[in-house]
Structure formats: C-alpha cells, structure tokens
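**Q** Kindly generate the corresponding structure for this input.
(chains A and B, ligands or ions: 2)
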Amino acid sequence: MSLDGAATIDARRGTPAAGARLPPGRAGRLLASRRVRDLGLKVSGVLTVLLALELCSRVGLLSRDWFPPVTDTYAELFRLGMGRPLWVEIGRTLNGWAIGLALATLLAVPFGILLGSSPAAYRMSRVVIEFCRPVPSVALIPLAVLVYGVGLEMKVFLIVFVTFWPILLQVVYGVTDVDPVVRDTARAYGLPAHARFFRITLPSAAPYIATGLRIAAAIALVLAVTAELVVGAPGLGQSIVVAQSNAQLPRMYALIIVTGLVGWVLNMAFQAVERRLLRWHPSQRQEESR
Amino acid sequence: MLEVSNLRKVYGPDPHAAPAVDGLSFAVADQEFVCILGSSGCGKTTMLRCLSGLTPATSGSVVLRGKPVNGPPEDMAFVFQDYSRSLLPWMTVRRNIAFPLRYKGVDRRRAAELTDEALDAVGLAGRGDRYPWQLSGGMQQRVAIARALAYRPGILLMDEPFASVDAQTRSGLEDLLLNVWQRYGITVLFVTHDIDEAVYLADRVLVLRPPANVGHEAVVGLPRPRNQVATKQEPEFGRLRGELYAALDGRPVVA
Ligand SMILES: Nc1ncnc2c1ncn2[C@@H]1O[C@H](COP(=O)(O)OP(=O)(O)OP(=O)(O)O)[C@@H](O)[C@H]1O
Ligand SMILES: [Mg+2]
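**A** Numbers count the residues shown, from 1 in each chain, chains lettered A, B, ... in the order given. Ligands and ions are numbered 1, 2, ... in the order given. Here you go, the predicted structure:
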C-alpha cells in the first residue's frame, strides 16, 4: 500500500517535467520503466502471498488434507488448462452467462428508455421495481428448477430475472440525467425529437448503461456458477462440486481459481470496451500530450 | 422585427412569487444590433430564454416576424452563458459546430465549409479534431460562438458570450461579431454587463432594472465601421458611457 503510494507520487513529480524537457525517446523509456516497476511490485505481492501459503501447508501450519500446497494446485491448473474438458466447462458457464445477459439487456434497455422518458410510467412501475429488485437471487432457484428443469434454460432465467433490474435502473438514471444546458442547446438549434434522442439522450446515458452492464455481467457470472453448484447444471460450478466429492482437492482449488480468472477477464474486457467507447467521459479521460 | 410586449415570468408554481421578468416591452428591428445591460441577477438570462421560446413566459407575448414564439424559432442561434456545458463532450469541436447544420438541411460538404470558416474566424483553425474538454475555458467559449456563426442564423441571442476571454481576444471577437453581423444581416440581441462593450457594439442599448424591465434606452449614434481605438476616443462614446453608468446605478439621468 505505502509502496504503491510512494511510486505514484514519485511518478507524478518526475515525469511531466522530464517529458517536457527530454527528447521523446527518453520520456518513452522513462514511462516504460515505470510500467515495468509497477508490474514488478504487483507480481511480487502476489508471489509473497502464494509463497506464504505454500510454506504454511508444507510445514503443516495448515492441514495438508484441506489445504494442499499451492504448487500442487497450480500443477493441476496447468494440466487442466492443457486439456479440452476444462474449456468445455468454461464454455458452458459462459454460454448461460452470455445468453442471460444479452436477453436481460434487450429487455431492460428499451424498457428503461420508456420509463426514463415518461415520468408517469416511472411512477407507475416504481413499486413493482422496488419489490422485485431486492428478492435474493438464490431464493428463486426452486422456482427456476420447477419451471425450467436443471439445464441451460434455468440458468438463463435466473440471470435474466436478476440482472434485469440493475440494467433497468441505470438506463432510467442515464436517460433522466441529461444536462439541462445540453438539452436546451439541442432544442435551440432545432433538433427534431429523434435526433435529440440518438445524438443527445443516448450518448449522455451511455456511461450509466455501461456501468449497469458491467455490474450485471459480474452478477450474471455469480448466478451461473451458483446455479451449477446448487442445482448441478453442467458448467464450472458443477465441476467444482464433482472435484470436491471425489476428494480431488488440488483440482477443486484449481477450478475455483479458474472461476475467479473468468470473472477477472470478463471485467477487464468490459472496462476496455468502456475506455474505448467512452473516451470523452470524465471517468475515462486521459490527459493527452499533443 | 422582434416585438416583446408586457412579458412576465414567474418561476415556480406560485403565481404571486417575485417575478424574474415583469412588464418587459421593447422591439428590435430586423438587422439591428441591440445590447442589453443589466446587473447580475436582474433577469437577463430569463428574458433571453423567454424570447427564444426555451422557457414559456407566464404572460405577455413575443412575436418574431409576425409569428408568436412558442418554441425555438427555426433560424435562431443561442450562445449560452454556460458555454462549457452547452458543448457536447462526446463530439469533437468540429462535430459540435457541424451537427446543428445537418438538421437545418445543409449538405455535408457545405457544412464542412461553414465549420472551417467559423473555426478560422474564432482563431481555432487546427483545433477542430480535439474534444471541447481538452480546450481552455476561453477556447470553449469561442467554439460555442463558432457554432452560432456557422449556423448563419437570422436572429442571434448571446448571453454574456465574451465573459471569460482575455481583453485582447475579446476585442478580436467583438470586431469579428460586428463583421459577421454586417456581412450576413443578422439581428443580434447581446446580453452583457460591460458598459464599454455594449456601447462599442450596439445600435441601441437597453438597460434592465430588476425585475427585468427596460429602465433606460440609449441610441448609439457612433459611426460604423467601428474601431477599437478611434471609436472609444469619440466624445459621444464617453457621453453614452456616463449616461449608461448612471442608468445602471439607478440614479436619474442628467443629460
Ligand atoms: N430556474 C430558475 N428557477 C427559479 N428561479 C430562477 C431560475 N433561474 C433564475 N431564477 C431567478 O430569476 C432571477 C433572474 O435570474 P437570471 O438568471 O435571469 O439573471 P441574470 O440577469 O442572467 O444574472 P447574471 O448576470 O448573473 O447571469 C434571479 O433572482 C434568479 O434567482
Ligand atoms: Mg445570466
């Protein structure tokens, strides 16, 4: 923590001035070396934790039965990664995730636009939204199984039902939160209604919608894995249960790590897309030297 | 011809609340340059918003070329006091200037020409591909002005458009505006709280007293084209300045 802080302050003080005076090649190298140092710090943090775990388990501080050495887990992870079955399971989980998220988006975005543009419609549906939104997702599993069985459809239903709400609310906020001066500008210059919607309302709602989607994507993954764990729908979650019941602990840990990695990669992907599409938004702006 | 009669605007639902504009009447001839002077909070912005049809008036009427104004008229451009928020952050400077033209029926090539011309006029040629938030406040203000100029409006409403540029740029923009006004025969309503600026630019200066109504009117007889040095040295300039200063102060005007 403190190490990280020191690095940032140092970089802030050092680089801009240097960048102004030094030839571009030198400035670029400085920037690159800062990146390398940053990465080095991060990696060594992770390695320290892993090493500590490994030692605890080898020395017997943690029971070897429940906490196999980290190296075993990673060896298993590597073995799994080389084979096909792991990727099939990841594909199954992501399949439900993608279909559910896409359906929820297709439903929530138009509906949110409607509610956002019509105060009457919003007031009418407020109570329903406030009632449905906080229902704990897991409580719906029995119903989902009853209606849709234990396969893909059940997963998709859960994901759609739960992720619909955060997306919907973000769209409503986004559509209602257009800067009034921007709104007036569009009116003063005589933009017709459809142009006001596509050129003004949608772009200014886009950052809200993007945040809604990113949150929904994370929730959807949790739901997919939960459904697989609890109900036994095929996918990563089910594989974890199978590994556990066969007492293949390194495999179980390896699969848990895979689940974490999948979530991490998905989040990174969403952030990357946001950075590209919403370059103009204050949260994404980067100072450019030009 | 723009005719404002007995305009009254009360904000909020209570009709007995203090009005922001009350009993405002005046007329502006086609191609006239009228400056509106008034102290802060006296209702200048509110008045412009009612004239432009952006805000409905509580009572009274605004008639532009024989038609009552209920919404923004077609060939009107508006430069907002809050210029930085009136630029769309997701569009480049060039697109910010060009996008209203599309809906006015200007084709793409002509829109690009008008944009380049306007950018050049406000001294921002070469900045067209940046985003507004990458520019300084004064530059953003000039982009907002360029957008209004490129639109080639019949009537141009400007709300303290030169408030945040340095003196040098400001004189440049004043001369640019006069030039464009004369060349294209625009009607201009220009709100400011700077007496010198009002006298330098206008055919006629209206002084608003809260709640915005015309407390004083001065016809500016200075010859055109005006010149930043020569015009400001004329005795008439000094006299008008004194007259308006007194009028703004609320003291009776001694001729
Ligand atoms: N949206 C609003 N709701 C309620 N009151 C408002 C609103 N806008 C302005 N007012 C009030 O109306 C009066 C006139 O405001 P206005 O913005 O028109 O003044 P102004 O002359 O443009 O001032 P400035 O020179 O500071 O821009 C003020 O008393 C202000 O408080
Ligand atoms: Mg104002």
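**Q** what pLDDT does the nearest residue to B:Gly221 once chain neighbours are set aside get?
**A** Nearest residue to B:Gly221, sequence neighbours excluded (CB to CB, 6 or more residues apart in numbering or on different chains): B:Glu236, at 6.3 Å. Just so you know, the C-beta spots here come from the backbone N, C-alpha and C atoms, and that holds for glycine as well. As predicted, B:Glu236 sits at a pLDDT of 93.
**Q** What helix or strand is B:Gln6 located in?
**A** Check again: residue B:6 is Asn, not Gln. Applying DSSP states H and E as the criterion places B:Asn6 in strand B:2-9.
**Q** one step back: for whichever strand or helix holds the residue nearest to B:Gly221, which residues meet the burial criterion?
**A** In this structure, B:Glu236 sits in helix B:235-249 according to DSSP H and E. Residues of helix B:235-249 classed as buried: B:Phe237, B:Leu240, B:Arg241, B:Glu243, B:Leu244, B:Ala247, B:Leu248 (neighbour count, 16 or more other CB atoms under 10 Å in any protein chain shown).
**Q** can you put these in TSV and add distance to chain A?
**A** Formatted as TSV, the buried residues of helix B:235-249 follow (distance: CB to the nearest CB, whole Å):
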residue	distance to chain A
B:Phe237	33
B:Leu240	31
B:Arg241	32
B:Glu243	33
B:Leu244	29
B:Ala247	30
B:Leu248	27
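**Q** Looking at those residues, spot the one nearest A:His281.
**A** Minimum distance to A:His281 across the buried residues of helix B:235-249 is 42.2 Å, recorded for B:Leu248 (CB to CB).
**Q** before we move on, back to that, dump the strand holding B:Asn6 to PDB, restricted to CA.
**A** What follows is strand B:2-9, C-alpha atoms only, in PDB (Å, rounded to 0.1, in the frame of the first residue of the first chain):
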ATOM      1  CA  LEU B   2     -39.000  41.200 -32.800                       C
ATOM      2  CA  GLU B   3     -41.700  42.500 -30.600                       C
ATOM      3  CA  VAL B   4     -41.800  41.900 -26.900                       C
ATOM      4  CA  SER B   5     -44.900  43.100 -25.000                       C
ATOM      5  CA  ASN B   6     -45.600  43.100 -21.400                       C
ATOM      6  CA  LEU B   7     -43.600  40.000 -20.800                       C
ATOM      7  CA  ARG B   8     -43.800  38.500 -17.300                       C
ATOM      8  CA  LYS B   9     -42.000  35.400 -16.000                       C
END
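**Q** Just list what it packs against, helices and strands only.
**A** On a contact count with 3 or more CB pairs under 8 Å, 6 or more residues apart in numbering or on different chains; DSSP states H and E, strand B:2-9 meets strand B:21-28, helix B:44-52, strand B:59-64.
**Q** re earlier: for the helix holding B:Glu236, packing partners?
**A** Contacting helix B:235-249 under the criterion 3+ CB pairs under 8 Å, 6+ apart are the following elements: strand B:33-37, helix B:195-201, strand B:204-209, strand B:213-219.
**Q** Could you say which of these is packed most deeply?
**A** strand B:33-37 (a mean of 25; mean count of other CB atoms under 10 Å in any protein chain shown).
**Q** what are the C-alpha coordinates of that one, in PDB please?
**A** The C-alpha coordinates for strand B:33-37 follow below in PDB (Å, rounded to 0.1, in the frame of the first residue of the first chain):
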ATOM      1  CA  PHE B  33     -27.800  45.200 -33.100                       C
ATOM      2  CA  VAL B  34     -29.200  45.600 -29.600                       C
ATOM      3  CA  CYS B  35     -27.200  45.200 -26.400                       C
ATOM      4  CA  ILE B  36     -28.900  44.500 -23.100                       C
ATOM      5  CA  LEU B  37     -27.200  45.800 -20.000                       C
END
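**Q** who touches it?
**A** The contact list for strand B:33-37 (CB atoms under 8 Å, 6 or more residues apart in numbering or on different chains) reads B:28, B:44, B:47, B:178, B:181, B:187-193, B:195, B:197-199, B:201-208, B:244, B:247-248.
**Q** hmm, try it at 6 Å
**A** Residues from elsewhere that reach strand B:33-37 (CB atoms under 6 Å, 6 or more residues apart in numbering or on different chains): B:28, B:44, B:181, B:188-191, B:198, B:201-207.
**Q** Show me which residues of chain B sit near ligand 1.
**A** Within chain B, the positions near ligand 1 by CB under 6 Å from any ligand atom are B:Tyr11, B:Ala20, B:Gly38, B:Ser40, B:Gly41, B:Cys42, B:Gly43, B:Lys44, B:Thr45, B:Thr46, B:Gln81, B:His193.
**Q** Which residue ranges of the stretch 151-290 of chain A form helices?
**A** Using DSSP state H, counting those that start in this stretch, the helices of the stretch 151-290 of chain A run over A:152-176, A:180-188, A:193-195, A:202-231, A:236-245, A:249-277.
**Q** got JSON lines for those helices, with mean pLDDT too?
**A** Output for these, formatted as JSON lines (pLDDT from 0 to 100):
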{"stretch": "helix A:152-176", "mean pLDDT": "93"}
{"stretch": "helix A:180-188", "mean pLDDT": "94"}
{"stretch": "helix A:193-195", "mean pLDDT": "92"}
{"stretch": "helix A:202-231", "mean pLDDT": "94"}
{"stretch": "helix A:236-245", "mean pLDDT": "94"}
{"stretch": "helix A:249-277", "mean pLDDT": "93"}
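**Q** The ones you listed: which one's closest to A:Ala32?
**A** Comparing the helices of the stretch 151-290 of chain A by their distance to A:Ala32 (CB to CB), the top pick is helix A:249-277, with 20.0 Å.
**Q** List the buried residues in the closest one.
**A** Residues of helix A:249-277 classed as buried by neighbour count (16+ other CB under 10 Å): A:249-256, A:258-259, A:262, A:266, A:270, A:274.
**Q** circling back to that earlier point, parallel or antiparallel, list what pairs with the strand holding B:Asn6.
**A** Using DSSP bridges, the strands paired with strand B:2-9 are strand B:21-28 (antiparallel), strand B:59-64 (antiparallel).
**Q** The residue in the stretch 51-200 of chain A that ligand 2 sits nearest to and chain B, how far apart?
**A** When distances are taken as CB to the ion, the stretch 51-200 of chain A reaches nearest to ligand 2 at A:Val181, 12.2 Å away. Using CB to the nearest CB, to the nearest Å, one gets 4 Å for the distance from A:Val181 to chain B.
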